[in-house]
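Asks: Provided below for reference: sequence and predicted model.
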Amino acid sequence: MEANFYQAMLRRKSFHLFRNAGAGTLTPEELDGIRAAFEGFEPLVPEIRTAIRIVPASQVSFKHDAEYCILIYSEKKENWLMNAGYLGEQLDLWLVSRSIGTLWFGIGKPDEPGYDGLDYVIMIAVRKISDASQFRQDLSKARRKPLDEIWAGDTLGLAEIVRYAPSAVNSQPWFAQNENGTLTVYRTRKPGRIGIMPETAASYFNRIDIGIFLCCLEVCLAEKGLPFTRELFPDLADGKTERSKVAVYTLAK
Ligand SMILES: Cc1cc2nc3c(=O)[nH]c(=O)nc-3n(C[C@H](O)[C@H](O)[C@H](O)COP(=O)(O)O)c2cc1C
């Protein structure tokens, strides 16, 4: 992961509106740069083939104040949504590092449901931001669950930042437990709707959210100089379980 991703985590925010973005536009070279960057990101699951398409925002529904939408496509294999979230969050942080505002846009409808044999997962709407003060200035003002609802054990000084990872309707479907340097990460679920999200949508988007959380967690571990090994688990649980274990990180002693 790029060293500047941590700084981007502190500054990123959802541009629900790009109204004050300014007149800057992305050049063809910058669009090529985005495609090349995505190729270089580390996947969670290397066996899963993924791709992006960058399309003018006017070509996809609902997000006409953005300049482009970046559509993420993936093979459908175990943990494919988590993997797409992990890659997409690297893209989010990469873009923010380059003064490009972003919005994970779950309700967007793609112009093409498939691409090169891959299935559409989600899109990120983007627009160049002229004035850097448009990015988040004070992380503590972002609404999030209290720390003790999402983390147990020593915070390692990083849970305080990881908790600001973005998630669909701010649902924050994660819980991490640190037991003597072994970090277990769970996807949490509540029965029924989450905000405006029906249960089936929550089960889909929350799997993407967990990948986003793992990306942010690893950015923070790197920032703190904490090497780790990671084991992933198939995120199959739905139905009655409240928590499904998705990853275990073992920190080097
Ligand atoms: C997977 C995912 C899907 C999202 N879909 C939408 C969306 O369709 N419309 C929207 O306005 N915001 C969407 N968001 C943005 C979230 O509402 C936002 O990340 C959350 O409220 C936290 O705010 P922040 O990103 O400004 O920190 C989505 C976020 C994620 C991670």
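Replies: Okay, I see it. The structure displayed is predicted, hence computed values, not measured ones.
Asks: could you report the distance from the closest residue to residue 124 other than its chain neighbours to the ligand?
Replies: Distances taken as CB to CB, 6 or more residues apart in numbering place residue 70 nearest to residue 124, at 4.8 Å, with adjacent residues excluded. For every residue, glycine as well, the C-beta is placed using N, CA and C. Using CB to the nearest ligand atom, to the nearest Å, residue 70 is found at 13 Å from the ligand.
Asks: which residues touch residue 70?
Replies: 34, 52-54, 91, 123-126 (CB atoms under 8 Å, 6 or more residues apart in numbering).
Asks: quickly list what it is bridged to.
Replies: residue 54, residue 124 (DSSP bridges).
Asks: so which residues on the stretch 101-250 of the chain come close to the ligand?
Replies: Taking CB under 6 Å from any ligand atom as the contact definition, the stretch 101-250 of the chain meets the ligand at 103-107, 122, 142, 166-170, 205, 208-209, 212.
Asks: please repeat the previous calculation with a cut-off of 8 Å.
Replies: 103-108, 122, 136, 142-143, 164, 166-170, 205, 208-209, 212 (CB under 8 Å from any ligand atom).
Asks: tell me the secondary structure for residue 121?
Replies: On the three-state scheme (DSSP: H, G, I helix; E, B strand; the rest coil), residue 121 is labelled strand.
Asks: count the residues that sit near it.
Replies: Residue 121 is flanked by 23 other residues according to other CB atoms under 10 Å.
Asks: ok, residue 148 next?
Replies: 9.
Asks: ok so it is a helix residue?
Replies: Yes: membership of residue 148 in a helix is supported by three-state DSSP.
Asks: going by neighbour count, list what's buried in stretch 121-138.
Replies: 121-129, 134-136 (16 or more other CB atoms under 10 Å).
Asks: measure it end to end?
Replies: End-to-end distance of stretch 121-138: 31 Å, with CA to CA, to the nearest Å as the criterion.
Asks: can you mark which positions in stretch 103-110 are buried?
Replies: Buried residues in stretch 103-110, counted by 16+ other CB under 10 Å: 103-105, 108, 110.
Asks: of those residues, which is the nearest to residue 247?
Replies: Distance to residue 247 across those (CB to CB) is lowest for residue 104, with 20.3 Å.
Asks: pretty sure the closest one contacts residue 92?
Replies: Yes: with contact defined as CB atoms under 8 Å, residue 104 reaches residue 92; the gap is 7.0 Å.
Asks: what touches both of those two?
Replies: With CB under 8 Å, 6+ apart as the test, residue 104 and residue 92 both reach 124, 166, 212.
Asks: could I get these in a markdown table, plus columns for distance to residue 58?
Replies: A markdown table is the format used below for the shared contacts of residue 104 and residue 92 (distance: CB to CB, whole Å):
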| residue | distance to residue 58 |
| --- | --- |
| 124 | 16 |
| 166 | 24 |
| 212 | 27 |
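Asks: which helix in the chain runs the most residues?
Replies: Assignment by DSSP state H gives helix 199-223 as the longest helix of the chain.
Asks: after that one, which helix or strand is next? Please name it.
Replies: Where DSSP states H and E defines the elements, the next helix or strand beyond helix 199-223 is strand 228-232.
Asks: chain neighbours aside, what residue packs nearest to residue 250?
Replies: Here the residue nearest residue 250, using CB to CB, 6+ apart, is residue 229, at 5.0 Å.
Asks: done for today, thanks.
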